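> Give me the fold of what follows.
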Amino acid sequence: MHKIGDKVWYAKMKNVEKKATCPECFGKRYLTVILGDDSKVTINCAGCSSGYEEAKGYITYYQWETDVSEEIIQLVEITPTETNYGFRDCYRANKTTIFGNKIDAEKRALELAEEHNKKELEKFSRKEKDSHSWSWHVHYYRAEIRQAKKAIERYEKQLNAIKNIEEK
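Numbers count the residues shown, from 1 in each chain. Down below sits the predicted model:
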């Protein structure tokens, strides 16, 4: 158990903004659509745009990374179930995040970040109304394209049926 005035290493994590090339337009900021008559048109990429913003060619996401700091314990709080420590950056830390050396703290911080990133990915894939994320845009517009293709196929069949009637 540590006491007030002890120097310890605190294992924590920080949320860092990251950018990655858009998986839909590959950084071009537009998609090329081939129409039924084989003509091509370009449309803004919905994968890397958000709301009224123009397509950027990249997506932004956040990732938890390790952040280890050396601290001096300023508070010790003992309860029947656990002991908590307080210092400059943290009011309540416990034995799972306080270490006597930097290497052990870095290992724990890495475990925490990996665990948190895994949970974030799971949560991300369960979003129901994520109109502010790129994945929602990808899903929505791909579904729209599939529906449009079905509609085009249906209309072409109707036009061909009319041609066959007129030719008779």
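> Show me the residue at the heart of this structure, geometrically.
Tyr61 (4.6 Å; C-alpha atoms, centre = their mean).
> If you tally nearby residues, what's the number for the residue nearest to that residue when sequence neighbours are not counted?
Leaving aside its chain neighbours, Tyr61 sits nearest to Lys18 (5.5 Å; criterion: C-beta to C-beta, 6 or more residues apart in numbering). No exception for glycine: its C-beta is placed from N, CA and C like everyone else's. As a burial measure, Lys18 scores 11 neighbours (other C-beta atoms under 10 Å).
> show me the contacts for Lys18.
Residues near Lys18 by C-beta atoms under 8 Å, 6 or more residues apart in numbering: 60-63.
> Could you do Asn15 as well?
Here Asn15 is in contact with 62-64 (C-beta under 8 Å, 6+ apart).
> if you set the cut-off to 6 Å instead, what comes out?
Neighbouring residues of Asn15 by C-beta atoms under 6 Å, 6 or more residues apart in numbering: 62, 64.
> what about stretch 24-44, start to end distance?
In stretch 24-44, first residue to last residue: 11 Å (C-alpha to C-alpha, to the nearest Å).
> And the contacts of that stretch?
Looking at what lies outside stretch 24-44 - C-beta under 6 Å, 6+ apart - the contacts are 21, 45, 47, 55, 57, 138, 152.
> Mind checking which of those land in strands?
Members of these lying in strands (criterion: DSSP state E): Thr21.
> Dump the contacts of stretch 24-44 to CSV, plus pLDDT.
Shown next, in CSV, are the contacts of stretch 24-44 (pLDDT from 0 to 100):
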residue, pLDDT
Thr21, 90
Cys45, 87
Gly47, 80
Ala55, 90
Gly57, 93
Val138, 68
Ile152, 90
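> Show me the two of the contacts of stretch 24-44 that sit farthest apart.
Farthest-apart pair in the contacts of stretch 24-44 is Thr21 and Ile152; separation 30.4 Å (C-beta to C-beta).
> so Ile145 sits in a helix?
Yes - assessed by DSSP: H, G, I helix; E, B strand; the rest coil, Ile145 belongs to a helix.
> sorry, back to before: before we move on, which element is the residue nearest to the centre of the chain in?
Using DSSP states H and E, the element containing Tyr61 is strand 58-72.
> Likewise for Ile103?
helix 102-125.
> mean confidence score for that helix?
For helix 102-125, mean pLDDT is 83.
> how much space between the residue nearest to Leu110 when sequence neighbours are not counted and Asn101?
The shortest distance from Leu110 to any non-neighbouring residue, by C-beta to C-beta, 6+ apart, is to Thr66 (5.2 Å). For Thr66, the distance to Asn101 (C-beta to C-beta, to the nearest Å) stands at 15 Å.
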